[in-house]
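In: Provided below for reference: sequence and predicted model.
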Amino acid sequence: MNDAIRWLFKQPRSIKRIISLLLDALFISLAFWAAFILRLEEVAMLGSIQHWVVLLATIPVTLVCFVRLGLYRAVLRYLGYHAIVTMFLGTVLSAGAMVLAAYYLDVALPRTVPIIYCALALLLCGGARTLARALYNQSTKRLKTPIIIYGAGSSGRQLNTSLLHGNEYRAVAFVDDNPQLHNVMLQGLTVFPAEELANIIARFGVQKLLLAMPSMSRQRRRDIIDSLSELSVEMLTIPGMADLVSGKAKVNELQEVSIEDLLGRDPVAPFPELISANIKQKVVMVTGAGGSIGSELCRQIVQQQPKVLVLFEMSEFALYQIDQELTNWCRDTNCCIRIIPVMASVQRQNRLEAVMRAFDVQTVYHAAACKHVPLVEYNVVEGVRNNVFGTWRAGEAAINCGVETFVLISTDKAVRPTNVMGTSKRLAELVLQGLALRQQNTRFCMVRFGNVLGSSGSVVPLFKKQIRAGGPITLTDENITRYFMTIPEAAQLVIQAGAMGKDGDVFVLDMGEPVRIIDLARKMIRLMGFEEKTEQNPSGDIAIKVTGLRPGEKLYEELLIGGDETQTQHPRIRSANEVSLPWHEMLSLLDELDRACEKYDQETIRSLLLSAPAAFNPQSGICDVVWNEGKQQRPAPSAQRPENQSSEQQTTAYS
């Protein structure tokens with residue numbers, strides 16, 4: 001039966017229209033004779049030629065009316081309110097045609113017969129179509145994945161309607177927290193309380209749970225997701241209300257539950273006077289513009305209408321991507337912002353100064369950095385060169401070119417660092433604090449925050465990839481914790497903090513509560529519809545494998561070196577009161593560090609990093625891969641630079 005229904009619906013539209021015409025002719029005939037029989041309670045008129053002539057006149061008129069009203073253009077499986085209205089109008093016109101035919105042929109026609117006929121014709125023609133649609137939906141049910149919709153509001157009902165017209169999912173129940181809706185039928189589905197979810201999942205064999213709550217706060221969504229986290233079903237969600245209202249997304253565009261929902265942080269709306277202070281109608285430059293943070297800074301900056309935005313990036317591919325994205329955005333939004341892509345390294349001061357002078361740069365956001373902890377451990381000199389000396393060169397160039405504001409993007413790994421990357425970022429902070437004390441023209445400030453979701457190297461995309469591949473999820477330690485923030489929120493707060501900074505200020509962002517990475521991994525496993533594979537549950541899907549801490553990796557991160565902090569005018573930005581070095585002491589340290597890097601003397605570099613006021617506490621020995629390999633095979637190379645040449649002269653001479 002089901003196969004026959006599906007076969008019929010797969011026939012060409014012309015065949016289906018002919019079948020519909022023949023069936024409607026039959027239903028009109030049945031309604032015509034049934035109206036007389038019900039009214040007169042006799043069948044004598046069945047032998048009347050005049051009544052047959054009236055019927056033969058009514059059938060083609062009715063079918064023509066149906067055709068003209070567009071009834072046969074309607075797709076039967078998507079039959080809706082419009083088709084019912086069309087059938088009603090068609091049957092009314094059909095009854096009118098029957099009255100006229102009976103009048104001109106002088107056939108006795110009781111006044112109630114057209115009314116009865118109209119009701120029966122509508123019932124037969126409309127009922128047959130409704131039955132056909134129901135049979136088709138029933139025949140395709142087995143081919144659809146059963147799901148539950150969490151949220152019986154307007155979005156949930158719209159989602160269910162969309163799913164009825166699709167071929168992938170079928171809703172078997174609604175779930176809602178509103179007790180007034182419990183046990184109510186909506187669109188043929190019962191609304192259940194959340195407490196009965198486990199029973200519903202087992203009863204219907206549900207594989208997915210769709211969250212239809214676009215306007216709910218992120219904190220509330222997190223609470224709901226946490227309450228459902230023990231269920232072994234994949235969770236999907238519909239886009240947020242802002243995207244639905246703006247037309248960027250549709251209610252039936254399902255997405256994976258975002259990690260932002262797991263964290264439950266509702267972003268604070270940016271303060272207009274802060275976010276535009278250093279940008280609007282100014283010339284802005286972003287170093288590291290193609291990176292995770294740098295590119296998002298650029299996206300936020302163009303929305304504040306700068307006069308010129310200079311993209312300073314070393315990677316050709318990353319620079320091309322962000323340049324194309326921003327150029328297309330400006331064209332689509334009719335924004336007259338000049339986008340300047342510049343490919344260069346922040347270690348070349350003469351190049352930095354040439355760019356800053358050529359475009360008269362007023363604000364610099366310094367996001368260029370080597371940030372991957374293990375990679376910097378394996379490539380110490382490049383990490384130090386880029387993070388410490390790149391920041392120094394960029395700061396010196398800003399002073400020489402009269403830049404108004406210079407904002408350094410720092411990291412929580414700079415606080416009591418256990419790795420070279422964190423130490424180099426703390427030294428970069430000290431460099432800018434020293435430059436701030438040395439002069440008064442350029443305002444330097446630093447913004448320190450933790451991990452951002454979705455950045456290159458983030459655990460979230462790595463975990464997703466490992467789960468889709470069948471596992472295992474690799475975790476360095478069961479007790480490791482991290483702070484997390486979304487990239488857009490971090491970029492907005494960086495811009496606002498930079499507007500508040502005075503000379504040498506260090507700002508820390510409120511990252512919320514730290515997250516245990518193993519808990520995050522377990523939630524992701526469950527949200528993607530799998531079970532964790534453990535000794536207690538050997539039949540699970542995804543195992544978690546602990547691999548041990550990597551070189552320089554900390555179990556937990558901090559944002560403050562000391563406990564001395566003050567609140568700013570923004571609720572999620574705090575100012576840290578931390579020690580700094582006078583510039584002459586900082587310069588002496590930089591000169592020694594530069595010589596050690598030039599000689600590739602890893603032992604001296606390690607000694608200088610330990611002696612610097614950065615609280616460096618390494619957890620492993622020197623891990624530089626080239627130095628370790630060379631130490632086994634040959635002596636370290638000698639210096640390539642005359643000893644009497646200063647670090648400042650050497651670095652400035654780079655072309």
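Out: Great, that's in hand. Numbers count the residues shown, from 1 in each chain.
In: how about Gln305, secondary structure?
Out: coil (DSSP: H, G, I helix; E, B strand; the rest coil).
In: on the three-state scheme, the closest residue in space to it that isn't next to it in sequence is what?
Out: What sits nearest to Gln305 in space, not counting adjacent residues and going by C-beta to C-beta, 6 or more residues apart in numbering, is Lys280, at 5.5 Å. To be clear about C-beta, it is placed using only N, CA and C from the backbone, and glycine gets the same treatment. Recorded secondary structure, Lys280: coil (three-state DSSP).
In: and Lys280, how far from Phe444?
Out: 21 Å (C-beta to C-beta, to the nearest Å).
In: these two: which is more packed in?
Out: Ranked by neighbour count (other C-beta atoms under 10 Å), Lys280 and Phe444 place Phe444 first, with 29 against 14.
In: which residues touch Phe174?
Out: By C-beta atoms under 8 Å, 6 or more residues apart in numbering, the contact list for Phe174 reads 148-152, 156, 160, 181, 186, 189-192.
In: weed out the non-buried ones from those.
Out: 148-152, 156, 160, 181, 186, 189-192 (16 or more other C-beta atoms under 10 Å).
In: go through the residues you listed and say which is closest to Ile59.
Out: Set against Ile59, the nearest of the buried ones among the contacts of Phe174 by C-beta to C-beta is Asn160 (38.7 Å).
In: now the helices for the stretch 401-550 of the chain?
Out: Secondary structure of the stretch 401-550 of the chain, counting by DSSP state H, counting those that start in this stretch: helices at 420-438, 459-468, 487-500, 517-527.
In: now, of those helices, which is deepest in the fold?
Out: Of all the helices of the stretch 401-550 of the chain, helix 420-438 carries the top mean neighbour count, a mean of 26, counting by mean count of other C-beta atoms under 10 Å.
In: that one packs against which elements?
Out: When contacts are defined as 3 or more C-beta pairs under 8 Å, 6 or more residues apart in numbering; DSSP states H and E, helix 420-438 sits against helix 373-378, helix 380-384, helix 390-400, strand 405-411, strand 443-449, helix 583-599, helix 602-611.
In: let's see 6 Å
Out: helix 373-378, helix 380-384, helix 390-400, strand 405-411, strand 443-449, helix 583-599 (3 or more C-beta pairs under 6 Å, 6 or more residues apart in numbering; DSSP states H and E).
In: what sits up against the fourth one?
Out: Going back to what we said before, that points to strand 405-411. Identification of contacts with strand 405-411 by C-beta atoms under 6 Å, 6 or more residues apart in numbering yields 278, 293, 363-367, 398, 425, 429, 432, 442-446, 448, 498.
In: kindly report the same for the shortest one.
Out: Residues outside helix 380-384 that contact it (C-beta under 6 Å, 6+ apart): 370, 376, 420-421, 424, 597, 624.
In: go again using 8 Å as the cut-off
Out: For helix 380-384, the surrounding residues in contact (C-beta under 8 Å, 6+ apart) are 370, 375-376, 420-421, 424, 593, 597, 600, 602, 605, 622-624, 627.
In: figure out the length between the terminal residues of stretch 571-581.
Out: End-to-end distance of stretch 571-581 (C-alpha to C-alpha, to the nearest Å): 29 Å.
In: in that stretch, what's buried?
Out: Neighbour counts over stretch 571-581 (16+ other C-beta under 10 Å) mark 572-576, 578, 580-581 as buried.
In: could you pull out the strands for the stretch 101-250 of the chain?
Out: Assigned by DSSP state E, counting those that start in this stretch, the strands in the stretch 101-250 of the chain fall at 145-150, 169-175, 185-186, 189-192, 208-211, 234-237.
In: quick one: the first one to chain centroid distance?
Out: The gap between where strand 145-150 is centred and where its chain is centred comes out at 22 Å by C-alpha atoms, centre = their mean, to the nearest Å.
In: where's Ile518 relative to Pro538, distance?
Out: If you measure Ile518 against Pro538 using C-beta to C-beta, the figure is 19 Å.
In: helices or strands up against the strand or helix carrying Pro60?
Out: Under the criterion DSSP states H and E, the helix or strand holding Pro60 is helix 49-68. Here helix 49-68 touches helix 13-40, helix 81-104, going by 3+ C-beta pairs under 8 Å, 6+ apart.
In: just the mean pLDDT for the shortest one, thanks.
Out: Mean pLDDT, helix 81-104: 82.
In: for it, packing partners?
Out: With contacts taken as 3+ C-beta pairs under 8 Å, 6+ apart, helix 81-104 sits against helix 49-68, helix 112-140.
In: list the contacts of that helix.
Out: Against helix 81-104 from outside (C-beta under 8 Å, 6+ apart): 28, 32, 53-54, 57-58, 61-62, 65-66, 69-71, 74, 107-109, 114-115, 117-118, 121-122, 125-126, 129.
In: ok and that helix relative to helix 49-68, angle-wise?
Out: Interaxial angle of helix 81-104 relative to helix 49-68 (axes from the mean of the first three to the mean of the last three C-alpha atoms, to 10 degrees): 150 degrees.
In: please apply the same query to the longest one.
Out: What separates the directions of helix 13-40 and helix 49-68 is an angle of 140 degrees, with the same axes, to 10 degrees.
In: what residues sit buried inside helix 13-40?
Out: Buried residues in helix 13-40 (16+ other C-beta under 10 Å): 16, 20, 24, 27-29, 31-33, 35-36, 39.
In: swap in the last one?
Out: Within helix 81-104, the residues that qualify as buried are 83, 86-88, 90-91, 93-95, 97-99, 101-102, counting by 16+ other C-beta under 10 Å.
In: and what of stretch 294-308?
Out: Neighbour counts using 16+ other C-beta under 10 Å place 294-304, 306-308 of stretch 294-308 among the buried residues.
In: equivalent analysis for stretch 200-215, please.
Out: 200-201, 206, 208-214.
In: now the helices and strands packed on helix 81-104 as JSON lines including mean neighbour count and mean pLDDT?
Out: Formatted as JSON lines, the helices and strands packed on helix 81-104 follow (neighbours: other C-beta atoms under 10 Å; pLDDT from 0 to 100):
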{"stretch": "helix 49-68", "mean neighbour count": "17", "mean pLDDT": "84"}
{"stretch": "helix 112-140", "mean neighbour count": "17", "mean pLDDT": "77"}
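In: show me this protein divided up by domain.
Out: When the chain is parsed with automatic domain parsing, its domains come out as 2-140, 144-257, 278-576, 583-619+627-652.
In: following element in sequence after the strand or helix carrying Glu353, please.
Out: Assigned by DSSP H and E, Glu353 belongs to helix 349-359. Helices and strands here follow DSSP H and E; after helix 349-359, the next one along the chain is strand 363-366.
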